[in-house]
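Quick one: sequence plus predicted model below, questions after.
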Amino acid sequence: MASRVNAYRAELRRLKDWEPYLKKHSGLPGPRANLELVAAVAEEADPDRLWRLSASQDEFLALCGTAGLGRVALMEPDTVMSWLHELAEDPRWRVREGVAMALQRIGKEDMPRLIADMKVWSREGAFVQRAVVAGLCEPALLIGNAETVEVLAILDHITRSLAATTDRKHDGFRVLRQALGYGWSVAAAAAPQNARPYLEKWLRSRDSDVAWVMQSNLRKSRMESLRNALAAKPARRSRSGSAAASKPAAAPSSRSSGRARRAR
């Protein structure tokens, strides 16, 4: 990937007007945008160009500019974070992905600052909460236990919000559910002992969407050790005094009433 990014950067340096080139090599329409070109723009563009691109009506141009603003945030943190917050609710999903890329770039440079901002964002609506999950749950960012513990607490708060949602038919709920469906596993793999109490708690949830979120995370390969540990949880005593085996909650059946079976 690095060689392609460098090749695109060299091409962009030779151009005065980037937009025709970006549109031509965007990879769209198609299943996958040209992320190597997005990365090249993020590194090569000056702040003014990134701001202009991020406000474009063209989805790929807006993706490039939005992702690149993560670099500008180091110089204009308040202005950039305010604009990224707005773009987190953009109807174009690739622009929302650009927000996640920008947040991850910020985290690489100043993870404590990103966590502080994400604690505030986590109290917002579903689309903004989705940006929080996607921005924080990146393996390259979760290398310190103290920071990962804070991320786990943020995920716990957002999961409570998901469980409390009554209107579950809107797109915001859907994309947040999907993000939580992998985000927990990223943070849990970085700090398994700290994550285990959260997982045990949410695996007991009777909420069908929370159950889906937790089972989706448990299926990830990076969760193998924790999955085995949860499966081997010591038996608890029933009211009659006999031992009752504990196990993670089963994934809800498509034929069920929509409520996950409670973990024992």
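Everything's here; your move.

what residues are up against residue 85?
121, 124, 128 (C-beta atoms under 8 Å, 6 or more residues apart in numbering). Placement of C-beta: from N, CA and C, glycine included.

right, and the helix or strand after the helix or strand hosting the last one?
Meaning residue 128. Residue 128 belongs to helix 126-136 when assigned by DSSP states H and E. Downstream of helix 126-136, the first helix or strand assigned by DSSP H and E is helix 145-164.

Report the angle between that following helix and helix 126-136.
160 degrees (axes from the mean of the first three to the mean of the last three C-alpha atoms, to 10 degrees).

now the helix or strand following helix 145-164 and helix 145-164, what's the angle there?
Downstream of helix 145-164, the next assigned helix or strand under DSSP H and E is helix 171-190. If you take the same axes, to 10 degrees, helix 171-190 sits at 150 degrees to helix 145-164.

which helices and strands does helix 171-190 pack with?
Judged by 3 or more C-beta pairs under 8 Å, 6 or more residues apart in numbering; DSSP states H and E, the packing partners of helix 171-190 are helix 126-136, helix 145-164, helix 192-203, helix 208-218.

buried ones in the third one?
Pointing back at helix 192-203 there. For helix 192-203, a neighbour-count test (16 or more other C-beta atoms under 10 Å) marks 192, 194-195, 198-200, 202-203 as buried.

so how far is that helix off the chain centroid?
In this view, helix 192-203 has its centroid 19 Å away from the chain centroid, taken as C-alpha atoms, centre = their mean, to the nearest Å.

what does the first one give?
Using C-alpha atoms, centre = their mean, the mean C-alpha position of helix 126-136 is found 5 Å from that of the whole chain.
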